[in-house]
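A.B. asks: sequence first, then the predicted structure, then my questions.
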Amino acid sequence: MTTYPLPAADLKGEGMTSQRARDRLAATLKDGGIRDLRVIEVIRNLPRHHFIDQALHSRAYENDALPIGHGQTISQPWVVARMTEALLEFGVPQKVLEIGTGSGYQAAVLAALVPQVFTVERIEALLRQARRRFRQLGLANLRSRYDDGKLGWPDEAPFDAIILTAAGDTIPTRILDQLSPTGVLVAPVGSPSRQTLIRMRGDGKGDFIQEELGAVSFVPLLGGIG
């Protein structure tokens with residue numbers, strides 16, 4: 001498949017943000033059961049320290065979620081990898097919608113693997129930071145929008161794949177309606193104390209095949225803008 005390079009030599013890092021640290025993270029992902037080598041390679045090469053505050057750079061390539069402000073987090077790399085490979089397992093989607101841009105890290109991983117990524121964020125300050133990172137990385141195949149994520153991006157629907165990076169009790173109907181009849185959706189679902197990562201695949205006839213992919217922990221899916 002085609003991959004989309006990240007032309008950011010000035011973001012290679014050193015010491016705890018060096019390529020050696022990224023290689024260790026890639027090995028951790030493999031040991032943790034991530035099988036898609038395309039996903040591992042993108043995470044190996046993507047400068048995760050670019051998506052967090054400088055005070056946390058020494059922890060950028062640990063397999064942990066980290067705070068990014070406004071009550072939000074950058075997801076654990078293993079979770080990013082698992083969600084991404086679940087989205088790609090049945091073929092490379094041409095057009096992907098992400099609900100919850102956050103730091104921009106998940107969107108950047110996707111942009112290195114699929115032709116078009118659309119990402120929606122409800123917190124304006126986070127989106128401004130993410131957009132600056134996207135520009136610095138030269139991610140020309142990624143579009144972002146400041147809006148209520150629960151509304152999706154109807155003007156660009158349908159999408160071949162949708163990914164949610166926050167958990168609700170259910171998948172909002174307005175988002176499901178924007179998935180193509182044979183599309184794939186990956187999202188955490190459940191209460192703050194008990195969440196499950198699910199994958200839904202359209203059967204082309206209006207129904208969905210749903211699978212549980214394991215326990216996860218995400219910030220809540222909220223409506224409105226802030």
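C.D. replies: Cool, got the structure. Numbering: from 1, shown residues only.

A.B. asks: hey, let's count contacts and neighbours off CA atoms from now on
C.D. replies: Noted.

A.B. asks: right, and Ser144 touches Arg122 too?
C.D. replies: No: using C-alpha atoms under 8 Å, Ser144 is not in contact with Arg122; the gap is 10.9 Å.

A.B. asks: mind listing the helices for this structure?
C.D. replies: 19-31, 37-45, 77-88, 105-111, 124-137, 173-176 (DSSP state H).

A.B. asks: pull out the buried positions in stretch 140-151.
C.D. replies: Buried residues in stretch 140-151, counted by 16 or more other C-alpha atoms under 10 Å: Asn141, Leu142, Arg143, Ser144, Arg145, Tyr146, Asp147, Asp148, Gly149, Lys150, Leu151.

A.B. asks: what sits against the residue nearest in space to the middle of the chain?
C.D. replies: By C-alpha atoms, centre = their mean, the chain has its centre lying nearest to Gln106, at 2.7 Å. Residues near Gln106 by C-alpha atoms under 8 Å, 6 or more residues apart in numbering: Val80.

A.B. asks: let's go with 6 Å and repeat that
C.D. replies: By C-alpha atoms under 6 Å, 6 or more residues apart in numbering, Gln106 lies in contact with nothing.

A.B. asks: averaged pLDDT, the strand ranked longest in the chain. What do you get?
C.D. replies: Secondary structure of the chain per DSSP state E: the longest strand is strand 179-191. Across strand 179-191, pLDDT averages out at 96.

A.B. asks: other SSEs contacting that strand?
C.D. replies: On a contact count with 3 or more C-alpha pairs under 6 Å, 6 or more residues apart in numbering; DSSP states H and E, strand 179-191 meets strand 159-164, strand 194-202.
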